[in-house]
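> here is my input, please return the structure:
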Amino acid sequence: MWYFRSRDLFPEPIPVVWVTFILGMFAAAPVYVVEEFLGSLYRGTTAFSWSLYNSFFVAGLVEESFKLLVLLSYPFQHKAFDEEMDGVIYGVSASIGFSVIENILYSFIYYAPSGLEIANARGIMCVPGHAAWGALLGYYAARGKLRGRALAGTLSGLSVAVLLHGLYDFFLFLGNSMDLITYLFLLLPASALVVIVSWVWVFRLTKELQIYQAIVGFRTQPVAACRPNVQLPQDKATEGRTAVGAVLAGIGILILLGMAAGFLTGVFRDPKETEYLICAVGLGVVPAVVGMILLRLGHRAHEV
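Residues are numbered from 1 along each chain as shown. Below is the predicted model of the structure:
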């Protein structure tokens, strides 16, 4: 939430952002009821059909629809809502609010004996995924509303969010019926790739909106009257992004090298250590990929 709000050159009121976050938390209750009901209706017999039904229809459609309902019922009706970037901010706020409660449910109720491992795994991929899908959902819905095509924008945002959310869940759900090797080296990376693609999409979108805000701000206000935070991205921000990218990439690569060394030296012999291996791979891949993306974005900004 801090990251996206800091990208906004015309920041949204903090109370509105937090109320949206809290409404996203409350949305978890009806989502749970609806998902339980829809899950009970499934009559298929194959793992593929079960994964398809639960990932896209039960989880994706229901959860993203309730996030959308939060946006349409409160922040989009507020006087502070007046630009497309606002859809990103409020979409992220509602989504993270929802994912906080969902993560607690999954970690300490549904899978109580393995709560810590579940919390770590979901914190690496699922919670950031929710933030990215909420950003895209909010952006397209806001764009449609502000351009007089509310229905088209809403359906576009919902479709994008459900597709990405469904793909992410589909690979994980399908992995429950597969052998460990297939899950670790095919389905889990595919699920992680969905989150990475979602974040790259959101990074690029947010950057474009930020530049648009800066241009519009300078065109519509006298230079002396411009808000202090209305300015084109500076070299300091680019350098900061590059530095953070370098650190993240370095940490991720070191973790992956450590895991590789563990395999080569035979450290990982106990089957129980496979659970920790899954978390460690995620802990290495995610920062390495995100770090390299940030490095690339920083180099591109320097080139521009």
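> and the helix or strand hosting N103, what does it pack onto?
Using DSSP states H and E, N103 sits within helix 84-105. Counting contacts by 3 or more Cβ pairs under 8 Å, 6 or more residues apart in numbering; DSSP states H and E, helix 84-105 packs against helix 2-7, helix 14-26, helix 28-40, helix 62-73, helix 115-124, helix 126-146, helix 188-220. Just so you know, the C-beta spots here come from the backbone N, C-alpha and C atoms, and that holds for glycine as well.
> at 7 Å what do you get?
helix 2-7, helix 14-26, helix 28-40, helix 62-73, helix 126-146, helix 188-220 (3 or more Cβ pairs under 7 Å, 6 or more residues apart in numbering; DSSP states H and E).
> can you list the low-confidence ranges for this protein?
Filtered on pLDDT under 70, the chain yields the residue ranges 110-116, 217-240, 258-283, 298-304.
> give me the residues contacting the helix holding N103.
1, 4-5, 8, 12, 17, 20-25, 27-28, 63, 67, 70-71, 75, 119, 122, 126-127, 130-131, 133-135, 137-139, 141-143, 146, 206, 209, 213 (Cβ atoms under 7 Å, 6 or more residues apart in numbering).
> same thing but 6 Å
1, 4-5, 8, 12, 17, 20-21, 24-25, 27-28, 67, 70-71, 75, 122, 127, 130-131, 134-135, 137-139, 141-143, 209 (Cβ atoms under 6 Å, 6 or more residues apart in numbering).
> buried ones among these?
The neighbour-count test (16 or more other Cβ atoms under 10 Å) applied to those identifies 1, 4-5, 8, 12, 17, 20-21, 24-25, 27-28, 67, 70-71, 75, 122, 127, 130-131, 134-135, 137-139, 141-143, 209 as buried.
> from the chain's centroid, how far away is stretch 31-43?
Between the centre of stretch 31-43 and the centre of its chain there are 24 Å (Cα atoms, centre = their mean, to the nearest Å).
> likewise stretch 83-102?
Distance, centroid of stretch 83-102 to centroid of chain: 10 Å (Cα atoms, centre = their mean).
> what's the burial count for V285?
21 (other Cβ atoms under 10 Å).
> for L188, see how far away it is.
9 Å (Cβ to Cβ, to the nearest Å).
> repeat that for K145.
Taken as Cβ to Cβ, the span from K145 to L188 is 37 Å.
> thank you kindly, that will do.
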